[in-house]
Every structure is written in C-alpha cells, then in structure tokens.
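>>> Everything below, folded, please.
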Amino acid sequence: MLRKIINLATSSVTQLTIRTFTFFYLSYLFTLTEMGYFTLSITVATLAVNVVTFGAYNLIMEQGESEKDIQGFVRKDFLFYAVNMIVFALSFSLFHFIFKMDVPLYLSLLFLLGEMLQVVFIFIFSSYYLTIKKPEKFNHLRNVNTAIYLCVFMSFILLTDKTVSSWGGLYFLSAVLFVIYGFYYVGKGFYKYETHKVGCNPRDIGRLYINRVFKGKHYFISSVARALLTASDKLVIVWLFGYDKLGLYSLAEKAVTAFNIPVSAYLQLNEPKYYTCNRVKRLEILLSLIPVVLLYFLFIYSSYLVLGSKLFLLLGLPEKFQAPFSILSTMLLYIISVNIFNGLMHLFNGTGKIRLRINLTLLALFVFTISAYLGNKFFVGFDIVILIVMFFFTQLLVSIPFYIRYIINYVHIRKTPVRM
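The predicted structure is shown next:
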C-alpha cells in the first residue's frame with residue numbers, strides 16, 4: 001500500500017510541479033486578468049467533465065474487479081462521451097455569444113476543449129486502472145501527459161510570440177496528442193474480451209443514450225454538485241472581486257494543490273475499496289483519514305511557518321507574487337477541509353448513499369454562497385482571506401457530525417462481542 005501511495009504521489013508531484021512552474025511562468029508573461037480567464041476556462045472544463053462523463057467514474061467502480069465487465073462498460077460508453085462533449089461545446093458557444101463574455105470565444109474553446117479532452121481521458125482510465133488494481137498503467141498515462149505538456153510548453157517559450165492566444169493553441173494541441181497516444185496505449189490490452197457491440201443505426205444509439213442517462217443520473221447529480229462546490233470559491237471570487245483577483249487566488253491554490261498530493265493519493269487508492277469492503281473495513285478506512293490528514297497538515301503548516309518567508313526572499317519573487325504568497329498560509333487549511341469532505345463523499349458513493357451525498361454537497365454549496373454574499377454585503381473588511389476561511393469551515397462543519405457518528409458506531413461495533 002505504501003509503495004503504491006509513493007508511486008502515485010511521485011507521478012502526481014512530477015506532473016503538478018511542472019504544471020505549477022508553467023503556471024507561474026505564464027503569470028510573468030500574462031496579466032492577472034488573462035490568468036483569470038485561463039483559470040476560469042479550466043474551472044468550467046472541470047464542471048464540463050462531470051456533464052460529459054455523467055457519473056462514469058463511479059459506474060466503472062461499480063462493475064467490481066472484473067476486467068471484462070469494466071471493458072464492456074467503457075467501450076460502449078465512449079459514444080456517450082463524444083455526443084455529450086459536442087453538445088456541451090455548442091451550448092457553451094451559445095452561452096458565450098448571448099452573454100458577450102470579455103474573453104474571445106475561440107480562446108475560451110481552445111482552453112475548454114484542451115482541458116476537457118485530457119481530463120475526461122484521465123478521469124475514465126484512472127477509475128478503470130485503479131479498480132482493476134493496476135495503478136502503474138494509470139501512472140504511465142499521466143507521465144506521458146506530463147511529457148507532452150512539457151514539450152508543448154518548451155515550444156511555446158522557444159518558437160512563439162508568447163501571447164495568450166499562442167498558449168491556447170498549443171494547450172489544445174497537447175490535449176490532442178495525448179488522447180491519440182492514450183487510445184494507442186490503452187487499446188493494446190483493451191480488446192482481449194468480446195463484448196456486446198452497439199449498432200450504428202440511430203435507434204440503437206438513442207436507446208443506448210437514454211439508458212445510460214438513467215443509469216448514471218444519481219452519480220451525475222452528485223458529481224456536478226461536488227464540482228460546483230469545488231468551483232464555487234473561484235466563481236464567487238470572479239463575481240465579487242473580478243478576474244485579476246481570481247488570477248491571484250489561483251497562484252496560491254496551485255501551491256496548496258501541490259502540497260496536498262500525498263493525501264490525495266492516499267484517498268485515490270482507497271476509494272475503490274469502499275465499493276467492495278464490509279462495513280467495519282469501510283469505517284476503518286474512513287477514520288484512518290483523520291490522523292493522516294491532521295499530521296500531514298501540521299507538518300506542512302509548521303514547515304511553511306519556518307521556511308515560508310525565507311523561501312520567498314531566497315527565490316527573489318517579484319512584487320506581483322507577494323499577495324498570493326501572503327494568503328497561502330490561510331489556504332493551507334484546505335488540506336484539512338477538502339480531504340475530510342472528499343473522504344466522506346467516497347464513503348457515500350461506495351455504500352450507495354448517493355442522495356445523502358447530493359444533499360450534503362448542495363447544503364455546503366448553499367451555505368458557502370449565502371455566507372459569501374452576506375459577508376460581502378454587510379462586512380466592510382470582507383476580502384479573499386475571509387472567503388478562504390468561510391470555504392474551509394463550510395466543508396468541515398457539514399462533515400464533522402458524520403465523522404462523530406461513524407466514530408461512535410465503530411467503537412460500538414468493536415466492543416460488541418461476536419456471536420458464535
């Protein structure tokens with residue numbers, strides 16, 4: 001288990017280190033407003049992935065550990081993804097035209113489709129390979145994705161005029177190259193089982209689409225609600241403070257995401273177990289998350305307090321990075337709230353409590369949005385730091401009652417003698 005966590009975390013660290021470096025480099029070249037456009041496009045793409053896949057991540061894990069069953073499901077599902085992606089792109093273009101957004105449509109589509117293609121592919125096959133207990137193959141795909149991204153970034157530095165339009169085109173190109181390689185790599189071992197073939201006539205396709213919508217509707221609502229909550233901090237910042245503040249916030253968030261990789265890998269490897277383990281084992285997995293998260297947070301936070309300001313001076317960061325660096329200490333609280341909340345959501349998915357997951361996520365979304373609105377309206381000194389604290393407490397407060405309940409249940413189960 002430890003080796004798998006280390007391997008998965010190493011792959012994540014490599015990918016995120018490169019992407020974080022490129023993000024900071026781009027912030028040298030682009031204005032904070034342009035970085036805000038880029039970040040907002042990626043945020044919308046994250047929401048779009050949930051619409052396109054329509055609960056596929058969890059439906060794949062529901063197939064159990066049978067590679068044949070999972071392959072049959074995924075192969076039939078690709079047509080569903082393609083139709084949804086086209087519909088979403090057209091809908092987004094119409095929305096962009098009606099509301100006359102500031103950023104050009106072509107640039108939004110380049111970032112949106114570039115992010116969607118990569119994330120949808122990784123999203124589906126991370127679930128596939130983790131479920132059949134082959135995380136090394138998922139690591140390989142992610143490493144290739146990172147290598148392609150790095151090559152494209154170097155091309156941007158050396159061969160282009162370094163404008164946001166050039167970056168948009170190359171970003172989309174990196175996604176296309178990765179998906180082409182991804183299909184080649186996955187396809188080598190993906191057709192060893194015979195599965196039901198889908199007919200090409202419109203009636204078969206329509207029947208498949210309708211059945212698939214009904215099958216994944218609960219997971220879809222749940223994942224969209226979760227994605228909205230995850231994106232709500234960025235959407236609220238754009239709403240209240242503008243694109244430039246979103247660019248500032250995104251710089252700090254990149255650093256927090258990098259710090260959070262080990263715990264994220266721990267969550268990712270444990271998620272498939274919720275679908276197959278018994279009740280006691282599920283509770284043990286969930287409750288083990290509490291000490292893991294708290295100890296890791298204390299380590300990161302104390303390290304930041306000791307080395308943070310020294311690192312800022314050592315790197316000689318320009319003044320435009322001083323603001324995101326100053327809010328980083330507050331944003332590190334996300335390591336606690338996000339992982340505690342995500343662990344609970346994984347348990348709900350694995351135990352079939354989808355409606356509870358949806359209701360809890362929507363409650364958190366409602367509380368955070370209303371709190372942000374009221375805070376901005378009635379509190380004179382309302383700023384991003386207060387918004388960060390609100391986001392932290394929202395996720396934590398809706399999760400704590402369930403953890404208390406599960407701790408009591410686990411203690412009761414352990415104390416109850418086993419009947420022979």
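>>> Please save the CA atoms from stretch 289-306 in CSV.
The C-alpha trace of stretch 289-306 is given here as CSV (Å, rounded to 0.1, in the frame of the first residue of the first chain):
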residue,chain,number,x,y,z
LEU,A,289,-8.0,9.5,7.2
ILE,A,290,-8.4,11.8,10.3
PRO,A,291,-4.9,11.2,11.8
VAL,A,292,-3.3,11.1,8.3
VAL,A,293,-4.8,14.5,7.3
LEU,A,294,-4.1,16.2,10.7
LEU,A,295,-0.5,15.0,11.0
TYR,A,296,0.3,15.9,7.4
PHE,A,297,-1.3,19.4,7.8
LEU,A,298,0.8,20.1,11.0
PHE,A,299,3.9,19.0,9.1
ILE,A,300,3.2,21.3,6.1
TYR,A,301,2.0,24.2,8.1
SER,A,302,4.9,24.2,10.5
SER,A,303,7.3,23.9,7.6
TYR,A,304,5.7,26.8,5.9
LEU,A,305,5.9,29.0,9.1
VAL,A,306,9.6,28.2,9.5
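>>> Nearest residue to the middle of the chain?
residue 46 (6.9 Å; Cα atoms, centre = their mean).
>>> excluding its backbone neighbours, what's nearest it?
Of all residues not flanking residue 46 in the chain, residue 227 sits nearest, at 5.8 Å (Cβ to Cβ, 6 or more residues apart in numbering). From N, CA and C alone the C-beta is placed, and that goes for glycine too.
>>> Next, the buried residues of the helix or strand encompassing that neighbour.
According to DSSP states H and E, residue 227 maps onto helix 202-241. For helix 202-241, the neighbour count (16 or more other Cβ atoms under 10 Å) marks 208, 212, 215-216, 218-238, 240-241 as buried.
>>> next one: stretch 349-358
349, 350, 354, 356, 357, 358.
>>> quick one, phi/psi of residue 134?
Taking degrees, to the nearest 10, you get phi -130, psi 60 for the backbone angles of residue 134.
>>> Show me the shaky parts of the stretch 151-300 of the chain.
The stretch 151-300 of the chain contains residues with pLDDT under 70 at 188-205.
>>> Helices of the stretch 251-400 of the chain, start to end?
261-270, 279-315, 322-331, 334-350, 354-378, 384-415 (DSSP state H, counting those that start in this stretch).
>>> Wait, residue 341 touches residue 396, no?
Yes: at 7.4 Å, residue 341 and residue 396 qualify as touching, with contact defined as Cβ atoms under 8 Å.
>>> In terms of neighbours, single out the busier of those two.
Neighbour comparison, residue 341 and residue 396: the larger count goes to residue 341, with 22 against 17 (by other Cβ atoms under 10 Å).
>>> Not counting its neighbours along the chain, what's nearest the more buried one?
That would be residue 395: by Cβ to Cβ, 6+ apart, it lies 4.2 Å from residue 341.
>>> And that neighbour, what's its pLDDT?
You'll see residue 395 listed with a pLDDT of 92.
>>> number of nearby residues for residue 291?
Neighbour tally, residue 291, other Cβ under 10 Å: 9.
>>> The residue nearest to the centre of the chain against residue 120, yeah?
No: at 10.8 Å, residue 46 and residue 120 do not qualify as touching, with contact defined as Cβ under 8 Å.
>>> hang on, the earlier thing: compute the distance between the residue nearest to the centre of the chain and residue 39, please.
Note on residue 46: its distance to residue 39, by Cβ to Cβ, to the nearest Å, is 11 Å.
>>> ok, back up a step: need the buried residues of stretch 349-358 in TSV with pLDDT and distance to residue 374, can you?
Formatted as TSV, these follow (pLDDT from 0 to 100; distance: Cβ to Cβ, whole Å):
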residue	pLDDT	distance to residue 374
349	81	32
350	82	36
354	82	30
356	89	27
357	87	26
358	86	24
